[in-house]
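Engineer: predicted model follows, preceded by the sequence.
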Amino acid sequence: MPLQNTTPKLHIPMIQATNLQKAYNNVTVLNIPTLTVARGESFGLVGNNGAGKTTFFRLVLDLIEATNGEVMIDGQKVARNDRWKMITGSFLDEGFLIDFLTPEEYFTFVGKLYNKSEGDIAQFIETMQDFFNGEIIGKKKLIREFSKGNQKKIGIAAALLGDPQILILDEPFTALDPSSQIRLKRFLIDLQNRLNMTMLISSHDLNHVTEVCQRIVVLEKGDMVKDLQTNEDTLKELEAYFSV
Ligand SMILES: Nc1ncnc2c1ncn2[C@@H]1O[C@H](COP(=O)(O)OP(=O)(O)OP(=O)(O)O)[C@@H](O)[C@H]1O
């Protein structure tokens, strides 16, 4: 057997950013000298509007090109190959959806990308029923006809359809009703505990993000200004930081 197949990868960080910079019109909007996310870590990203959170996620997912530096997932440069895509699930915004399909058609489409059978997809939908709260399946509506919150649920579910090792969600709690926010929190914590899933989650809600993430990084104008292991003081520390 070739050596690379027998070498355990456990020592390689799940996500590694090195000298990562993004500039628009010569203005740097993100500057991360080095950042490592370990396997199974739940990583929360907070920061005011325009701090660079979505830009960072777009760079991690190779949706935009870095001005300098690189991101590696599972030891592979995201900008050089596709293998990391099979272990990465993500939902940043409704641009990820195909909104002229019904949710069922969309899940079938995404499931096929991950070689899922019809039975696998039906079983997956069943596991999401609590999160969907009876509002998504069997409605005979196109995704574009659903509310923003329900579109978000469809996108988050689709991100999980390929059994990812890494889940990247941009502001997943925004637009969800309070019951759905609580269900989503429980669901994410369960995925961490049961599957050791690595998570990157941005949020403007300091309560939610500190409940769900073991580590919180604060971005300010593109710079990482805090990197905290979550404990009982973290919420207070963040509230103090953001209070004006
Ligand atoms: N395509 C673009 N062209 C020019 N500037 C851009 C572009 N995309 C993002 N920016 C700028 O990059 C900066 C970071 O934006 P980004 O969307 O990453 O912030 P964010 O932290 O996700 O903000 P929010 O909390 O408002 O969603 C902002 O100043 C934004 O105006």
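Structural biologist: Received the coordinates, thanks.
Engineer: point out where the protein drops to low pLDDT.
Structural biologist: Along the chain, the parts satisfying pLDDT under 70 run over 1-9.
Engineer: what residues does it put near the ligand?
Structural biologist: Residues of the chain lying near the ligand by Cβ under 6 Å from any ligand atom: Tyr24, Val29, Gly47, Asn49, Gly50, Ala51, Gly52, Lys53, Thr54, Thr55. No exception for glycine: its C-beta is placed from N, CA and C like everyone else's.
Engineer: which element is the residue lying closest to the third one once chain neighbours are set aside on?
Structural biologist: The spatial neighbour of Gly47 that comes closest, neighbours along the chain excluded (Cβ to Cβ, 6 or more residues apart in numbering), is Leu219 at 3.6 Å. Taking DSSP states H and E as the criterion, the element that holds Leu219 is strand 215-220.
Engineer: so what touches whichever helix or strand comes after that strand?
Structural biologist: Following strand 215-220 in sequence order, the next helix or strand is strand 223-229 (DSSP H and E). Applying Cβ atoms under 8 Å, 6 or more residues apart in numbering, the contact partners of strand 223-229 are 31-32, 35, 214-219, 234, 237-238, 241.
Engineer: which two from the residues of the chain next to the ligand end up farthest apart in space?
Structural biologist: Distance extremes for those: the farthest pair is Tyr24 and Gly47 at 17.0 Å, using Cβ to Cβ.
Engineer: the two: who's more crowded?
Structural biologist: The neighbour count for Tyr24 versus Gly47, taken as other Cβ atoms under 10 Å, is higher for Gly47 (23 against 11).
Engineer: isn't that one up against Val218?
Structural biologist: Yes. Under the criterion of Cβ atoms under 8 Å, Gly47 makes contact with Val218 at 5.9 Å.
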